[in-house]
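Peer 1: Turn this into a model:
(one chain, ligands or ions: 2)
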Amino acid sequence: MARIIPIATDTDKAEAVAAATEVLLRHRPVAIPTETVYGLAADATHASAITSIYETKGRPRFNPLICHMADLSMAERYAVFDPISRNLAEAFWPGPLTLVLPLKENAGIHPLATAGLDTVGIRVPVGFTAELIQSLGRPLAAPSANSSGRISPTTAQHVEADLGEKIEVIVDGGPCPVGVESTIVKVEDGEIRLLRPGGIDADAIEAVTGKTVQRPKASGTAAIEAPGMLALHYAPDASVRLNAARVSSKEALIAFGTGDISGASTAMAVFNLSPDGDLAEAASNLFDFLKRADASGATGIAVAPIPDEGLGEAINDRLMRAAAPRGTEG
Ligand code: TXA
Ligand code: MG
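Peer 2: Ligands and ions are numbered 1, 2, ... in the order given. Alright, predicted model coming up:
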């Protein structure tokens, strides 16, 4: 059974850092809060530590992990920054932006963390995790703390329900404020390519760099570029139906704003991502509401249309994965 350690006070925090560090030094994974989702973290420089992440999640090993750093200067020890990537790091770190960068050879990131690629995905998270990395003095490889293919966790309780039997420590930082994973970009030949929409919206990246963010040309291209972008991901047990204008009495409804969805009053359950139509609020509620809708006993989940702008791009990306026909993974 995992021990859940709160970090509400400085004393709690010191205890959580000490307990998590002790587990990490044994090359075992710990669940940690980040501003995006909870991560399952282990020493990014150590083979058996990384193997323990893949085993705990049941994750395919060709899928590389994001390496979390305490700050930009730590990141520079492991990766080569071009001027645009550096500009993005300075603008958005700490924060929900992952940069895919050329790996510095023999700097210490274990090839199991990058799945043997010559690039590494790096981000500097907000809050506790950066403190933990500072204390450990090493980067932490951390995918989301869920069984592979399932919905990412945004509370310590989500982690406990999924992985509680398999891990020793869950650091409880409360609900994740952003609620969707980091945006992943790769700068190549002076162009910024979006590998995964996420917590930093593309408009903000364009505003900082003055450059247009390039989206994958056809759906599926991203699957090759960011190997983790498998079609089936974030899968609830109930089937998911998008852009719903009506909901049946056997379905749960995930609503947004004040838009009228016919049948809402007789739906099995109704969760409104943001009654005010605020996309940041919607992102922070998304995974929790998907899990709750799934647990409501509904045979299906009907999701109201979400505007495809700003953070809506990341929300719709995750919803499309949740709605993907089953059996398309791998
Ligand atoms: O917000 C987040 O990014 C969370 C928290 C825990 O930091 N982490 C997360 O990790 O979402 P994960 O493992 O679920 O997703 C990592 C994604 C995968 O799609 C993977 O393929 C991609 O990053 N990735 C990692 N390294 C890469 C690389 N070198 N080149 C291309 N894609 C990479
Ligand atoms: Mg994940």
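Peer 1: Pop the domain breakdown of this structure in here.
Peer 2: Following the assignment in automatic domain parsing, the chain carries domains at 3-214, 239-322.
Peer 1: Ok, which of these comes nearest ligand 1?
Peer 2: Comparison of the domains of the chain against ligand 1 by C-beta to the nearest ligand atom identifies domain 3-214 as nearest, at 2.9 Å. Any C-beta I mention is one placed from the backbone N, CA and C, and that applies to glycine too.
Peer 1: any low-confidence regions in the stretch 101-250 of the chain?
Peer 2: Residue ranges of the stretch 101-250 of the chain with pLDDT under 70: 217-233.
Peer 1: Close to ligand 1: what parts of the stretch 1-150 of the chain are there?
Peer 2: 34, 36-37, 39, 63-66, 96, 98, 100, 114, 117, 119-121, 125, 142-144 (C-beta under 6 Å from any ligand atom).
Peer 1: One more pass at 5 Å, please.
Peer 2: Listed as neighbours of ligand 1 in the stretch 1-150 of the chain under the rule C-beta under 5 Å from any ligand atom: Thr34, Thr36, Gly39, Pro64, Ile66, Val100, Leu117, Thr119, Gly121, Ala142, Pro143, Ser144.
Peer 1: Let me have these in TSV, extended by secondary structure.
Peer 2: TSV is the format used below for those (DSSP: H, G, I helix; E, B strand; the rest coil):
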residue	secondary structure
Thr34	coil
Thr36	coil
Gly39	strand
Pro64	coil
Ile66	strand
Val100	strand
Leu117	coil
Thr119	strand
Gly121	strand
Ala142	coil
Pro143	coil
Ser144	strand
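Peer 1: Got a quick ChimeraX command for the buried subset of those?
Peer 2: Applying 16 or more other C-beta atoms under 10 Å to these leaves a buried subset, and the ChimeraX line that selects it is:
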select :34,36,39,64,66,100,121,142,143,144
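Peer 1: Identify, from the residues of the stretch 1-150 of the chain next to ligand 1, the entry nearest to Thr212.
Peer 2: Minimum distance to Thr212 across these is 18.1 Å, recorded for Val100 (C-beta to C-beta).
Peer 1: beta partners of the nearest residue to the closest one once chain neighbours are set aside?
Peer 2: With sequence-adjacent residues excluded and distances taken as C-beta to C-beta, 6 or more residues apart in numbering, Val100 is closest to Lys186, at 3.9 Å. With DSSP bridges as the criterion, Lys186 is bridged to Val100, Arg193.
Peer 1: Lys186: neighbouring residues, count only.
Peer 2: Taking other C-beta atoms under 10 Å as the neighbour definition, Lys186 ends up with a count of 19.
Peer 1: Could you do Pro6 as well?
Peer 2: 14.
Peer 1: Contact partners for it?
Peer 2: Asp12, Ala16, Asp172 (C-beta atoms under 8 Å, 6 or more residues apart in numbering).
Peer 1: which of these count as buried?
Peer 2: For those, a burial check counting by 16+ other C-beta under 10 Å picks out Ala16, Asp172.
Peer 1: So which of the contacts of Pro6 are in strands?
Peer 2: If you go by DSSP state E, the contacts of Pro6 have Asp172 in strands.
Peer 1: what bridges to Leu40?
Peer 2: Following DSSP bridges, Leu40 is listed with bridge partners Ala31.
Peer 1: quick one: pLDDT of it?
Peer 2: On the pLDDT scale, Leu40 is placed at 98.
Peer 1: My guess is Arg318 contacts Tyr234. True?
Peer 2: Yes - with contact defined as C-beta atoms under 8 Å, Arg318 reaches Tyr234; the gap is 5.3 Å.
Peer 1: any common contacting residues for these two?
Peer 2: Phe287.
Peer 1: who touches the nearest residue to Asp82 once chain neighbours are set aside in this structure?
Peer 2: Excluding the flanking residues, the one nearest Asp82 by C-beta to C-beta, 6+ apart is Val187, at 5.5 Å. Each residue near Val187 by C-beta under 8 Å, 6+ apart is listed here: Asp82, Ile84, Ser85, Leu88, Leu99, Arg193.
Peer 1: Thr154 too?
Peer 2: Each residue near Thr154 by C-beta under 8 Å, 6+ apart is listed here: Val37, Tyr38, Pro175, Cys176, Gly179, Ser284, Phe287, Asp288.
Peer 1: List only buried entries from those residues.
Peer 2: The buried subset of the contacts of Thr154 - by 16+ other C-beta under 10 Å - is Val37, Tyr38, Cys176, Gly179, Ser284, Phe287, Asp288.
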